[in-house]
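J.: no FASTA, just this:
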């Protein structure tokens, strides 16, 4: 688990319950050094023995372009789990505004994993 800072999101990766969570703002100065351990190490290890369902909770209020590339990498790895290994995967896309919703819609267009749309302002 990584705590949220001014530039990086809260991150939770729990292999026992199959949850990956990003929450807050994501504008790291070096997105590769921030996300690589999460994606290239933790997620790769998790995908060797995943649980069902695997849930990707995204509750970012803002993220930059480099973060979006890492989100797409996560989604593509989860999509492979969903399509090639026939495992249940779901993305819970939390949004507060149209820009974040639109980003999620764009991501959904390139993967087969089902998305659940959650309007935080209606909660």
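T.: Structure received. Predicted model only: the values in this text are computed from it and were never measured. Numbers count the residues shown, from 1 in each chain.

J.: Only C-alpha atoms from now on, for both contacts and neighbour counts.
T.: Will do.

J.: Can you name the residues that contact residue 101?
T.: By Cα atoms under 8 Å, 6 or more residues apart in numbering, residue 101 lies in contact with 93-95.

J.: Sort out which of those residues are in helices and list them.
T.: Assigned to helices by DSSP state H, none of the contacts of residue 101 qualify.

J.: If any of those are buried, put those into a ChimeraX selection.
T.: Buried members of the contacts of residue 101, defined by 16 or more other Cα atoms under 10 Å, are picked up in ChimeraX with:
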select :93,94,95
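
J.: Show me the contacts of residue 101 that map onto strands.
T.: 93-95 (DSSP state E).

J.: Just send those back as a markdown table, with distance to residue 105 too.
T.: Listed next are the ones in strands among the contacts of residue 101 as a markdown table, based on distance: Cα to Cα, whole Å:
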| residue | distance to residue 105 |
| --- | --- |
| 93 | 9 |
| 94 | 12 |
| 95 | 11 |
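
J.: Only the buried residues of the longest helix belonging to the chain, if you could.
T.: If you go by DSSP H, the chain has its longest helix at helix 65-84. Under the neighbour-count criterion of 16+ other Cα under 10 Å, helix 65-84 has 66-68, 70-71, 74-82 buried.
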